[in-house]
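# Sequence plus predicted model, see below.
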Amino acid sequence: MKEESTSVLVVGGSLVGLSTALFLAWQGVPTILVERHAGSSPHPRAIGYTPRTMELLRAVGLAGQVPEVPHNFRLRRVRVESLAGAWHTESAWTPEAANTPEMERSPCSGAAIAQDRLEPILRARAAELGADLRLATELVRFTQDAEGVTACLKTREGVEYAVRAAYMIAADGGKSGVRDALGIRRSGRGHMRTVRSVLFRAPLEEYLAKGYSQFSIDQPGFQAFLTTYNDGRWVLMFTDDLERSETELREAIFKAIGRTDLAIEIITTGRWELGALVADRFSSGRVFLAGDAAHCLPPTRGGYGANTGIHDAHNLAWKLAAVLAGSAEPALLDTYDAERRPVAWLRHQQTFARPDYRAESNGIANDEPILDDAAIELGQLYRSSAVLGAGNDLPIAAKPEEWLGQPGTRAPHIWIERAGERKTTLDLFDRRWVLLAADARWTDAAATVGAALKLDIECVVAGADIRPAGALTSAFGIGESGAALVRPDGYVAWRATSLPADPVKAVTDALAAILSNRS
């Protein structure tokens, strides 16, 4: 059998798999992706993408290619008899959010684009950056040893060949064959029900004028859920698992709309399992789980499904790049599970603490406080050996402005001026380590340590390289002479609130602990 080789093999070419290939290619990692289907699913599935997701896509050159929603956008749901019938009460995703003043925490605002519209954009950019994307190709079997993974692949024409990879990432969905082959079990709320849905096209834009895009249909003997993909397509989800003929589907659609005088085009139907399960571990040897393979969560207004998986991919990509380049020990990869699995559990619990799913929680989130959306999306805390100073006394999430540069949290967004251009601090954190300093004396330390460790470290001095100095040093909590070390994924890894006697030793010791996975 012919054998090829690559650094990373990604199994699964939907949103998370494509994002994984994209982020790896952005880091310069040779990557092969295989997807058993020939293209995107005709049923779009996900539609909402959060500000953090848009920050990541912006960083890899997709700014402007994915249209964003206004900064004050809220995904609103209302209970109705039908679109044309009586409208009743609005239900809030986060009850307190309506009373919270708006503030800008990100340069991005999120997006509402159907998954089958976003995937081609990701696919094209990943290929442009050098990822080898192989559609209509499936994983047949794989083995792993101390040096890598050997996968047997099969094309749609039945041709089998092998790929030898240093690492493999399984983004093959909730029914992941890779996860099952690894013997990794899952925990959580579990299976809730089987959902049937119908995707259709209809001229219903007039019903979006009040700002609602999700509708809980409530009629005697007929309960369903209706939402739009904002492109003329709508999906109606049923609460039962009944097979319906085309005539019956049309009747149900007309019931949900509340009128029969519109042209309806049925596009496709779907059947899927609604549930919530988190893998007991996110890796085994040289194989990692991402997306639904790692955590299967119900569709939510918080975007906890696809977005969480995309963030998994970003977290893992820079770590694999560092290990493959030899700048970090393989033990750094253990921090993927340590950082991402608690996030999956946080979002699992938040799903069932909120009104949308509380009635189906089976009591698993009865005592769970509802956290602010910004805390979950932009203020989660990573605790691992790749972060120095994130103690167990800290909350798992808080509003980003409350962290003030706390190690283990996303570096705060501040508008800055650099070389005469207006930018965000997030533009500083791309593919390299950044030492954001309040004192120019850190510059020589960064250069010395970077040369010694063969690591790309850029020192950016507040007040000299970027302005305004006061707002930056305050937001990052580094005082008048301190510094914050930011990882390639934009998370603060270490911080000194003042200039130590030996800054070279301080930065060396911090990076040595982080990159060799020793605390």
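Ah, there it is.
# gap between stretch 406-422 and the chain center?
Mean C-alpha position of stretch 406-422 versus that of the full chain (C-alpha atoms, centre = their mean, to the nearest Å) differs by 21 Å.
# which parts of that stretch are buried?
Neighbour counts over stretch 406-422 (16 or more other C-beta atoms under 10 Å) mark 406, 407, 408, 409, 410, 411, 412, 413, 414, 416 as buried. Using the backbone N, CA and C atoms, a C-beta is placed for each residue, glycine as well.
# CA atoms only: put that stretch into PDB for me.
Output of stretch 406-422 as PDB, limited to C-alpha atoms (Å, rounded to 0.1, in the frame of the first residue of the first chain):
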ATOM      1  CA  GLN A 406      -4.900  37.800  34.700                       C
ATOM      2  CA  PRO A 407      -2.700  35.000  33.400                       C
ATOM      3  CA  GLY A 408      -4.900  32.300  31.900                       C
ATOM      4  CA  THR A 409      -7.400  34.700  30.300                       C
ATOM      5  CA  ARG A 410      -7.700  36.200  26.800                       C
ATOM      6  CA  ALA A 411      -5.600  39.300  26.400                       C
ATOM      7  CA  PRO A 412      -7.900  42.300  26.700                       C
ATOM      8  CA  HIS A 413      -9.000  44.300  23.600                       C
ATOM      9  CA  ILE A 414      -7.900  47.900  23.700                       C
ATOM     10  CA  TRP A 415      -7.900  50.200  20.700                       C
ATOM     11  CA  ILE A 416      -4.300  51.400  20.100                       C
ATOM     12  CA  GLU A 417      -2.200  53.400  17.800                       C
ATOM     13  CA  ARG A 418       0.800  51.800  16.300                       C
ATOM     14  CA  ALA A 419       3.000  53.400  13.600                       C
ATOM     15  CA  GLY A 420       0.200  55.800  12.900                       C
ATOM     16  CA  GLU A 421      -2.400  53.200  12.400                       C
ATOM     17  CA  ARG A 422      -5.500  52.400  14.600                       C
END
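# Okay, buried residues for stretch 508-519 please.
508, 510, 511, 513, 514, 515, 517.
# before we move on, back to that, show me the buried residues of stretch 406-422 that map onto strands.
Residues of the buried residues of stretch 406-422 located in strands (DSSP state E): residue 416.
# Let me have the buried residues of stretch 406-422 in a markdown table, adding pLDDT and distance to residue 278 as columns.
Putting the buried residues of stretch 406-422 into a markdown table (pLDDT from 0 to 100; distance: C-beta to C-beta, whole Å) gives the following:
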| residue | pLDDT | distance to residue 278 |
| --- | --- | --- |
| 406 | 98 | 25 |
| 407 | 98 | 25 |
| 408 | 98 | 20 |
| 409 | 98 | 22 |
| 410 | 98 | 22 |
| 411 | 97 | 27 |
| 412 | 96 | 29 |
| 413 | 96 | 29 |
| 414 | 95 | 34 |
| 416 | 95 | 38 |
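# wait, which of the buried residues of stretch 406-422 is closest to residue 307?
residue 410 (13.8 Å; C-beta to C-beta).
# Confirm for me that that closest one is in contact with residue 105.
No: Residue 410 is not in contact with residue 105 according to C-beta atoms under 8 Å; the separation is 9.6 Å.
# so what sits against both of these two?
Here residue 410 and residue 105 share the contacting residues 378, 400, scored by C-beta atoms under 8 Å, 6 or more residues apart in numbering.
# and of the buried residues of stretch 508-519, the nearest to residue 376?
For the buried residues of stretch 508-519, the nearest to residue 376 is residue 514 (25.1 Å; C-beta to C-beta).
# Quick one: low-confidence residue ranges for the chain.
96-101, 517-519 (pLDDT under 70).
# Helices along that one, start to end?
Listed in chain order, the helices of the chain (DSSP state H) span 15-26, 51-57, 115-128, 177-182, 246-257, 306-325, 334-353, 355-358, 373-378, 400-403, 442-453, 469-476, 503-515.
# mind listing what residue 137 touches?
34, 35, 36, 153, 154, 155, 156.
# What residues are bridge-paired with the fourth one?
Beta bridges link residue 153 to residue 139, residue 161, judged by DSSP bridges.
# these two touch, right, it and residue 163?
Yes: with contact defined as C-beta under 8 Å, residue 153 counts as touching residue 163 (6.0 Å).
# ok, back up a step: now the buried members of the contacts of residue 137.
34, 35, 36, 153, 154.
# sorry, back to before: identify the farthest-apart pair in the contacts of residue 137.
35 and 154 (12.5 Å).
# so residue 188 touches residue 276, yeah?
Yes: under the criterion of C-beta under 8 Å, residue 188 makes contact with residue 276 at 4.8 Å.
# Counting neighbours, go ahead and name the busier of those two.
residue 276 (26 against 21; other C-beta atoms under 10 Å).
# Any idea what that one is bridged to?
Bridge pairing for residue 276 - DSSP bridges - gives residue 190.
# and stretch 255-263, which residues are buried?
Of the residues in stretch 255-263, those buried (16+ other C-beta under 10 Å) are 255, 256, 257, 258.
# go on, stretch 360-375?
Here stretch 360-375 shows 361, 364, 365, 368, 370, 371, 372, 373, 374, 375 as buried, counting by 16+ other C-beta under 10 Å.
# ok, so of those residues, who is nearest residue 294?
Using C-beta to C-beta, the buried residues of stretch 360-375 come closest to residue 294 at residue 364, 18.8 Å.
# Residue 194 versus the closest one, what's the distance?
20 Å (C-beta to C-beta, to the nearest Å).
# go on, residue 33?
Separation of residue 33 from residue 194 (C-beta to C-beta): 30 Å.
# Please say which of the two ends up with more neighbours.
Ranked by neighbour count (other C-beta under 10 Å), residue 33 and residue 194 place residue 33 first, with 29 against 13.
# burial count for residue 122?
Residue 122 - counted by other C-beta under 10 Å - has 27 other residues nearby.
# With residue 192 instead?
15.
# That one touches residue 364, doesn't it?
No: using C-beta under 8 Å, residue 192 makes no contact with residue 364, being 11.7 Å away.
# Overlap of the contact sets of the two?
With the criterion set as C-beta under 8 Å, 6+ apart, the contacts of residue 192 and residue 364 do not overlap.
# The buried residues of stretch 360-375 into CSV, with extra columns for distance to residue 22?
Formatted as CSV, the buried residues of stretch 360-375 follow (distance: C-beta to C-beta, whole Å):
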residue, distance to residue 22
361, 35
364, 34
365, 33
368, 33
370, 33
371, 29
372, 29
373, 26
374, 25
375, 27
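# what sits against residue 457?
By C-beta under 8 Å, 6+ apart, the neighbours of residue 457 are 432, 433, 434, 435, 446, 447, 449, 450.
# Buried only: go through those residues for me.
Using 16+ other C-beta under 10 Å, the buried ones in the contacts of residue 457 are 433, 434, 435, 446, 449, 450.
# Surely residue 182 and residue 282 touch.
No: with contact defined as C-beta under 8 Å, residue 182 does not reach residue 282; the gap is 10.6 Å.
# Between the two, tell me which one has more neighbours.
More neighbours surround residue 282 than the other of residue 182 and residue 282, with 25 against 19 (other C-beta under 10 Å).
# separation between the residue of the chain positioned farthest from its centre and residue 374?
Within the chain, the residue lying farthest from the chain centre (C-alpha atoms, centre = their mean) is residue 261, at 40.9 Å. For residue 261, the distance to residue 374 equals 43 Å [C-beta to C-beta].
# can you check residue 241 too?
37 Å.
# do residue 122 as well
In terms of C-beta to C-beta, residue 122 sits 25 Å off from residue 374.
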